[in-house]
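*Asks:* 3D model of this:
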Amino acid sequence: MGSRTVGSFRAVVLAAGLLAVAAPMALAAQTPKLLDLGSKACIPCKMMAPILEELTKEYAGRLQVEFIDVWIKENAAKGKEYGIKAIPTQIFFAPDGKELWRHEGFISKEDILAKWKELGFDLGVAAAPTIERWEAAAKDTRGKDQICTLSDADIDPKTAVVVRTDKGDVRLRDLHTYFILYSCLTEDRTGFERKVFVTDDATGNLIAAPEATYLQGVDEATGRPWIRAFADRAAATAAMRRSGGSLVAWSALKTNELSHRCGFCDRAVYPQDAAEILIEGVQSWGCCAHCAMGVAARTGKDIEVRQPDGLTGEIITVKTLGGSVASIEPKTAVAWFGKRRTADGTWVSAGCFHQGFFTTPENLHKWLDAHPFETGEMITIQQSLADKMKLTPQQIQKACKIGECAPK
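*Replies:* All right, here's what the predicted structure looks like:
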């Protein structure tokens, strides 16, 4: 190879190298920047770390992401340089280096992306998959007396409960559903129990609830309590000898049924049906997935929610920090917001029996296939929390009360 050829080859290599360096530099000059100033030691900063990593990978070439640990000696001056008062602090910069906005404390990935959009930067965020059903997939041919007024579930004639009211009978599928209704009444409860009638397990006849004898036990497979009512104590005793359980009076049954309550709306729950919630280490419960998130709004504290998938029972774990979702496991989990249409055509919450979290949109699809009467839409778990955080103290106080379910 001659000297001229070698020189030309070196020139091409050099030019290619300069282009390779210049391209990222030019690209950087055209992209906005997120600077996070924190530490690898503080808890909110640690929770920001996976978010920054995801943003770095998912928005490479569209967003610069930089982290500075201001607690290490060589970066100590950076805190003063950027006027940091607390960590973590996130600063949003325009491509020309101008500061656009800053935030102190933990901030979720969704809120970061929403802020960039608000600031006028389209990062090419992929549209989230949607699942909606605004008309039932099948016609409900059940008779009114076959449907539980509170849960919309089928009524088993052997466990039916009837509440006599001036406006007609309220029919419920079982005693636990009755105690859910009782726990969220807004009216004066004095004398209310005289309106309640339960089904005699032996004869199928309705009997006054306070006068019945109850046989209570626990299902070995599910750990869920069961209750049978008897007009005759001797019949209840014979049933106990056959199937086990304990005989209890109405007052004791009432105490047992109301012993566990939702940490958001105060409705009676069975722990086996509910979301488990940790509020700074203190255990509570959520009667549905969305009420579980509402505990953060009601208490003003950070929480950890452990909600079973509505289809498979697999546990979905959600942690909050400062009113935002800090982490979700698995990351693919989504929420179903069950809604119903009112007489005036507006859509409102369908109530706690129609809400849920699912590990994947595919699981939600399968659940909807098995529940053809459900209507509503899929939302993110972040949105589920955000909806609750928007509620006023007055709305929270009324949440899930009969006739006053919020938000409207």
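
*Asks:* So which residues of the stretch 201-350 of the chain form strands?
*Replies:* Here the stretch 201-350 of the chain has its strands, by DSSP state E, counting those that start in this stretch, at 206-208, 213-218, 225-230, 246-248, 275-279, 282-286, 303-308, 315-321, 324-329, 334-341, 347-349.

*Asks:* List the contacts of Thr375.
*Replies:* Contacts of Thr375 were listed using Cβ atoms under 8 Å, 6 or more residues apart in numbering, and they are Arg133, Trp134, Glu135, Ala136, Gly338, Lys339, Arg340, Arg341, Ala350. Quick note: C-beta positions are derived from backbone N, CA and C, even for glycine.

*Asks:* With distance to Ala292 and mean pLDDT as extra columns, can I get the strands of the stretch 201-350 of the chain in a markdown table?
*Replies:* Below are the strands of the stretch 201-350 of the chain laid out as a markdown table (distance: least, Cβ to Cβ, whole Å; pLDDT from 0 to 100):
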| stretch | distance to Ala292 | mean pLDDT |
| --- | --- | --- |
| strand 206-208 | 35 | 98 |
| strand 213-218 | 24 | 97 |
| strand 225-230 | 21 | 97 |
| strand 246-248 | 29 | 97 |
| strand 275-279 | 4 | 98 |
| strand 282-286 | 3 | 96 |
| strand 303-308 | 5 | 98 |
| strand 315-321 | 8 | 96 |
| strand 324-329 | 12 | 94 |
| strand 334-341 | 11 | 97 |
| strand 347-349 | 15 | 94 |
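
*Asks:* Dump those strands into JSON lines; add mean neighbour count and distance to Tyr82 as well.
*Replies:* As requested, the strands of the stretch 201-350 of the chain are exported to JSON lines (neighbours: other Cβ atoms under 10 Å; distance: least, Cβ to Cβ, whole Å):
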{"stretch": "strand 206-208", "mean neighbour count": "16", "distance to Tyr82": "72"}
{"stretch": "strand 213-218", "mean neighbour count": "19", "distance to Tyr82": "59"}
{"stretch": "strand 225-230", "mean neighbour count": "21", "distance to Tyr82": "57"}
{"stretch": "strand 246-248", "mean neighbour count": "14", "distance to Tyr82": "65"}
{"stretch": "strand 275-279", "mean neighbour count": "21", "distance to Tyr82": "34"}
{"stretch": "strand 282-286", "mean neighbour count": "18", "distance to Tyr82": "37"}
{"stretch": "strand 303-308", "mean neighbour count": "22", "distance to Tyr82": "32"}
{"stretch": "strand 315-321", "mean neighbour count": "20", "distance to Tyr82": "22"}
{"stretch": "strand 324-329", "mean neighbour count": "19", "distance to Tyr82": "22"}
{"stretch": "strand 334-341", "mean neighbour count": "21", "distance to Tyr82": "37"}
{"stretch": "strand 347-349", "mean neighbour count": "16", "distance to Tyr82": "43"}
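
*Asks:* Double-check Trp116 against Lys33; I have them as touching.
*Replies:* No - applying Cβ atoms under 8 Å as the test, Trp116 and Lys33 come out as separate, 10.7 Å apart.

*Asks:* So if I had to pick from these two, which one is more boxed in?
*Replies:* Trp116 (22 against 17; other Cβ atoms under 10 Å).

*Asks:* tell me the pLDDT at that one?
*Replies:* The per-residue pLDDT reported for Trp116 equals 96.

*Asks:* do Ala22 as well
*Replies:* Model confidence at Ala22 (pLDDT) stands at 37.

*Asks:* shared neighbours of Trp116 and Lys33, which are they?
*Replies:* Leu63, Phe92.

*Asks:* sorry, back to before: which one of the contacts of Thr375 is nearest Lys40?
*Replies:* Proximity of these to Lys40 (Cβ to Cβ) peaks at Gly338, which lies at 41.8 Å.

*Asks:* just checking, the closest one touches Gly351?
*Replies:* Yes - shown here, Gly338 and Gly351 form a contact pair, counting by Cβ under 8 Å, at 7.3 Å.

*Asks:* Quick one: the helices in the stretch 51-200 of the chain, in order.
*Replies:* For the stretch 51-200 of the chain, the helices defined by DSSP state H, counting those that start in this stretch occupy 76-81, 109-118, 175-183.

*Asks:* if you compare these, which one is most tucked away?
*Replies:* Stretch with highest mean neighbour count among the helices of the stretch 51-200 of the chain: helix 175-183 (a mean of 22; mean count of other Cβ atoms under 10 Å).

*Asks:* That helix - contacts with which helices or strands?
*Replies:* strand 161-165, strand 168-172, strand 225-230, helix 250-257 (3 or more Cβ pairs under 8 Å, 6 or more residues apart in numbering; DSSP states H and E).

*Asks:* Tell me which of the strands of the stretch 201-350 of the chain sits nearest to Pro44.
*Replies:* Closest of those to Pro44 is strand 315-321, at 6.2 Å (criterion: Cβ to Cβ).

*Asks:* Look up the closest residue to Ile277, ignoring the ones flanking it.
*Replies:* Ser284 (4.4 Å; Cβ to Cβ, 6 or more residues apart in numbering).

*Asks:* And the one you found, how far from Ser349?
*Replies:* Applying Cβ to Cβ, to the nearest Å, the value for Ser284 to Ser349 is 21 Å.

*Asks:* Quick one: neighbours of Gly204, just the number.
*Replies:* Based on other Cβ under 10 Å, the number of other residues close to Gly204 is 10.

*Asks:* Just want the phi and psi numbers for the spatially closest residue to it that is not a sequence neighbour.
*Replies:* In this structure, Gly204 finds its nearest non-sequential neighbour in Pro157, 6.6 Å apart by Cβ to Cβ, 6+ apart. When read as degrees, to the nearest 10, the backbone of Pro157 gives phi -60, psi -30.

*Asks:* What count of nearby residues applies to Pro157?
*Replies:* Neighbour count for Pro157, taken as other Cβ under 10 Å: 9.

*Asks:* likewise Leu185?
*Replies:* 12.

*Asks:* Test my guess that it contacts Phe192.
*Replies:* Yes - contact status for Leu185 versus Phe192: in contact at 7.2 Å, counting by Cβ under 8 Å.

*Asks:* contacting residues for the spatially closest residue to Arg224 that is not a sequence neighbour?
*Replies:* Nearest non-adjacent residue to Arg224, counting by Cβ to Cβ, 6+ apart: Gln272, 4.5 Å away. Gln272 sits next to Thr222, Gly223, Arg224 when contact means Cβ under 8 Å, 6+ apart.
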